[in-house]
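Engineer: Have a look; sequence and predicted model below, questions after that.
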2 protein chains.
Amino acid sequence: MIISTGFAQGLNLVLHALAREGAVTCVAFEDPGYGSAQVDETVRAVLAMGIDVAYVPVDEQGLVVSELAASGAQAVVVTPAHQSPTGVVLSPARRHALTDWARRIGGYVIEDDYDSEFRYDKEPVGALQGLAPDRVFLLGTASKALAPAVRLGWVHAPAPLASAVAAEKEMSDRGSCMLDQLALATLLTTGRYDRHLRRMRTVYAARRTALTDAFARHVPRTQLSGLAAGFHAVAPLPPGSDEAAVIAAARDRRVGLHGIGDYRGNPSTAAPPALVMGFGNVRERTIEPAIAAVADLLS
Amino acid sequence: MIISTGFAQGLNLVLHALAREGAVTCVAFEDPGYGSAQVDETVRAVLAMGIDVAYVPVDEQGLVVSELAASGAQAVVVTPAHQSPTGVVLSPARRHALTDWARRIGGYVIEDDYDSEFRYDKEPVGALQGLAPDRVFLLGTASKALAPAVRLGWVHAPAPLASAVAAEKEMSDRGSCMLDQLALATLLTTGRYDRHLRRMRTVYAARRTALTDAFARHVPRTQLSGLAAGFHAVAPLPPGSDEAAVIAAARDRRVGLHGIGDYRGNPSTAAPPALVMGFGNVRERTIEPAIAAVADLLS
């Protein structure tokens, strides 16, 4: 395990190590996912390394692995437990197809485990890494459980590549802040980290309920999705809606909304309009009035 | 000012930004200095970026700027206030020659200000950056004043390049640990940082005195140099001495010594044998007995 300063650095380290060995010249991202280089610095960083980027669509089973195989990428960044942003869980069939793809072409899967500490109404979803530890990098972060300001993450690399990733870390910045690592270790060993997670799960679950209740009351025909884990839901807009116009009209009423358009890598994808509604950093009592204020725009 | 996780990352950010604009394909290092790629990961990181490395000798006035001009490098990493490891201060004539070189070729100076907080018996040495703010990157670090475990440093970039360096930081890791930055800011604004520096200057000055006293007593013909600042001195060995043999013999007596050989970039440089003696992390009372135990090896 290599300690990084978060997912962003972890991905850079993995890709540097793979690119240096000539193992990767093109990386695939989920679409919707990180979005285009115009909106996302993760994608920008990959392109700045001289690595090409491909976008592979996501459907109701998660990443469409057949399209990944056609993309020419030798590595793919996926969010199998709770696809970002759709919230879809990668289906068992797709999990096997994905690891088969990696084994067949000698490719790599980079598993972005960004929010699995916060799972509400289902059994925990196993890591993809367990299915193919020789082909999957598992990247975790303390950004969601603690705070992005902490800058601690980790990379679980296939054993033959661990020292190459560690060497990249050493060259990049010599190691992550030790004081923060000691503080996190103390939280873990004293059980306070688990207690914090339990407490925050209750807090986030209440905000999540406030959001689903507000939709049930004010936008009853809209089915929210992606709520099994994490801090966001996807709300489809009626077919033919103009995402940008809805967001602008909501902003005039002092309600901040985000469209799924920002998460699209391929702007030509004709995808239905939707909103990505984060509730991680919103006070519970503000949720119902905000949805009430924009209900007519959403239905 | 861009906050980094220390000198190593700062240098990477600066070189990535310069290389991306095509401004640098070869970087010069002082010799002795960081040493060869075999011993030093800073040099390894530069080579891993696809940037060539040149070594430029240091004499009693510091970096030999005429040889820098002949090296083909477009950037140079220097330690002008207290050359690492010789301890020489870059002379006024060389300072002007160096900034003239940078202006003439459109090159860049990367000033590694690694220990100027700890200066003992001379007036503070001004930063090179003040002479040519348009051509000099000034890199500082909290590693010496606080601890390397803190992972905080800073890059003062020429104004037209600051946003390019900031963009590299953003792509690299999204920003440095905020908790550590807030802690350092609190130390600075409350005056506790200055108090800490004053206290540590006294501690290090006592260790420095213990080292010079021990040499005066046990190895009286050896003149230590480089003691104006920082935590190390250079002790020349008698002409013809075998540095490695002295170090091995001292190790048999349980005294750890370091040769200046590890700091040489160009192994073919016929430079006189010497030891680099660190006293920053050595208890004061162990210094005299250690020098006494190896005095016959040093004289």
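Structural biologist: Everything's here; your move. Since the model is a prediction, treat every value here as computed from it, not as a measurement.
Engineer: Hmm, A:A28 and A:Y55 touching each other?
Structural biologist: Yes. Contact status for A:Y55 versus A:A28: in contact at 7.1 Å, counting by Cβ atoms under 8 Å. (C-beta placed from N, C-alpha, C; glycine too.)
Engineer: Which residue of the two possesses the greater neighbour count?
Structural biologist: Neighbour tally, A:Y55 and A:A28, criterion other Cβ atoms under 10 Å in any protein chain shown: the higher count belongs to A:A28, 27 against 23.
Engineer: For the lengthiest strand in chain A, name the packing helices and strands.
Structural biologist: Assignment by DSSP state E gives strand A:52-59 as the longest strand of chain A. When contacts are defined as 3 or more Cβ pairs under 8 Å, 6 or more residues apart in numbering or on different chains; DSSP states H and E, strand A:52-59 sits against strand A:26-31, helix A:41-48, helix A:65-71.
Engineer: Just the buried residues of that strand, please?
Structural biologist: For strand A:52-59, the neighbour count (16 or more other Cβ atoms under 10 Å in any protein chain shown) marks A:V53, A:A54, A:Y55, A:V56, A:P57, A:V58 as buried.
Engineer: and the angle from that strand to strand A:26-31?
Structural biologist: 30 degrees (axes from the mean of the first three to the mean of the last three Cα atoms, to 10 degrees).
Engineer: and the helix or strand just after strand A:52-59, how far from the chain's centre?
Structural biologist: Beyond strand A:52-59 on the C-terminal side, the first helix or strand identified by DSSP states H and E is strand A:62-63. How far strand A:62-63 lies from its chain's middle: 12 Å, per Cα atoms, centre = their mean, to the nearest Å.
Engineer: Name every strand pairing with strand A:62-63 and say which way it goes.
Structural biologist: Note on strand A:62-63: by DSSP bridges, its sheet partners are strand A:52-59 (antiparallel).
Engineer: Not counting its own residues, what contacts the strand it pairs with?
Structural biologist: By Cβ atoms under 8 Å, 6 or more residues apart in numbering or on different chains, the residues outside strand A:52-59 that reach it are A:25-33, A:37, A:43, A:46-47, A:63-64, A:67-68, A:71-73, A:76, A:83, A:86, A:88, A:265-266, A:269.
Engineer: May I see the PyMOL selection of the buried members of those?
Structural biologist: Selecting only the buried entries of these in PyMOL, with 16+ other Cβ under 10 Å as the criterion:
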select buried, chain A and resi 27+28+29+30+31+32+33+37+43+46+63+64+67+68+71+73+76+83+86+88+265
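Engineer: quick revisit: what do A:Y55 and A:A28 both touch?
Structural biologist: A:S71.
Engineer: tell me which residues of the lengthiest helix in chain A are tucked away?
Structural biologist: Longest helix of chain A, by residue count under DSSP state H: helix A:192-218. When burial is assessed from 16+ other Cβ under 10 Å, helix A:192-218 yields the following buried residues: A:Y193, A:M200, A:Y204, A:R207, A:R208, A:A210, A:L211, A:A214, A:F215, A:H218.
Engineer: And these, which is closest to B:A229?
Structural biologist: If you rank those by distance to B:A229 using Cβ to Cβ, A:Y193 comes first, at 42.7 Å.
Engineer: check contacts around the closest one.
Structural biologist: By Cβ under 8 Å, 6+ apart, the contact set of A:Y193 is A:A145, A:L184, A:L187.
Engineer: did I read that right, the second one in a helix?
Structural biologist: Yes. Residue assignment for A:L184, taken from DSSP: H, G, I helix; E, B strand; the rest coil, places it within a helix.
Engineer: Would you check that my belief about it contacting A:A142 is correct?
Structural biologist: Yes. Using Cβ under 8 Å, A:L184 is in contact with A:A142, at 6.3 Å.
Engineer: what do those two both touch?
Structural biologist: A:V150, A:L152.
Engineer: hmm, back to that, output the very next helix or strand once past the longest helix of chain A as PDB, nothing but the C-alphas.
Structural biologist: Using DSSP H and E, the helix or strand that follows helix A:192-218 in sequence is strand A:232-236. Provided in PDB are the C-alpha atoms of strand A:232-236 (Å, rounded to 0.1, in the frame of the first residue of the first chain):
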ATOM      1  CA  HIS A 232     -25.700  12.600  -4.100                       C
ATOM      2  CA  ALA A 233     -28.700  11.600  -6.100                       C
ATOM      3  CA  VAL A 234     -29.600  11.900  -9.800                       C
ATOM      4  CA  ALA A 235     -32.900  13.500 -10.700                       C
ATOM      5  CA  PRO A 236     -34.000  13.100 -14.300                       C
END
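Engineer: any idea how far A:H232 is from A:S225?
Structural biologist: 10 Å (Cβ to Cβ, to the nearest Å).
Engineer: Those two: who's more crowded?
Structural biologist: A:H232 (23 against 15).
Engineer: Hmm, that one is touching A:G278, no?
Structural biologist: Yes. Using Cβ under 8 Å, A:H232 is in contact with A:G278, at 4.5 Å.
Engineer: check contacts around A:S299.
Structural biologist: A:V219, A:R221, A:T222, A:P238.
Engineer: What subset of these is buried?
Structural biologist: Using 16+ other Cβ under 10 Å, the buried ones in the contacts of A:S299 are A:V219, A:T222.
Engineer: if we can go back for a sec, would you format the contacts of A:Y193 as a markdown table with pLDDT and distance to chain B included?
Structural biologist: As requested, the contacts of A:Y193 are arranged in a markdown table below (pLDDT from 0 to 100; distance: Cβ to the nearest Cβ, whole Å):
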| residue | pLDDT | distance to chain B |
| --- | --- | --- |
| A:A145 | 93 | 15 |
| A:L184 | 96 | 11 |
| A:L187 | 97 | 13 |
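Engineer: Same list, these, but as CSV with distance to A:F137 please.
Structural biologist: Converted to CSV, the contacts of A:Y193 look like this (distance: Cβ to Cβ, whole Å):
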residue, distance to A:F137
A:A145, 20
A:L184, 21
A:L187, 25
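Engineer: show me where pLDDT drops low in the stretch 1-150 of chain A?
Structural biologist: Low-confidence segments of the stretch 1-150 of chain A (pLDDT under 70): A:122.
Engineer: Which residues are in contact with the closest residue to A:T212 other than its chain neighbours?
Structural biologist: Of all residues not flanking A:T212 in the chain, A:L224 sits nearest, at 6.1 Å (Cβ to Cβ, 6 or more residues apart in numbering or on different chains). Neighbouring residues of A:L224 by Cβ under 8 Å, 6+ apart: A:L211, A:T212, A:F215, A:A233, A:V234, A:A235, A:M277.
Engineer: Nearest to chain B among those?
Structural biologist: Chain B lies nearest to A:M277 out of the contacts of A:L224, by Cβ to the nearest Cβ, at 23.4 Å.
Engineer: Check the gap between that closest one and A:S225 for me.
Structural biologist: For A:M277, the distance to A:S225 - Cβ to Cβ - is 11 Å.
Engineer: Common neighbours of these two, please.
Structural biologist: With Cβ under 8 Å, 6+ apart as the test, A:M277 and A:S225 both reach A:A233, A:V234.
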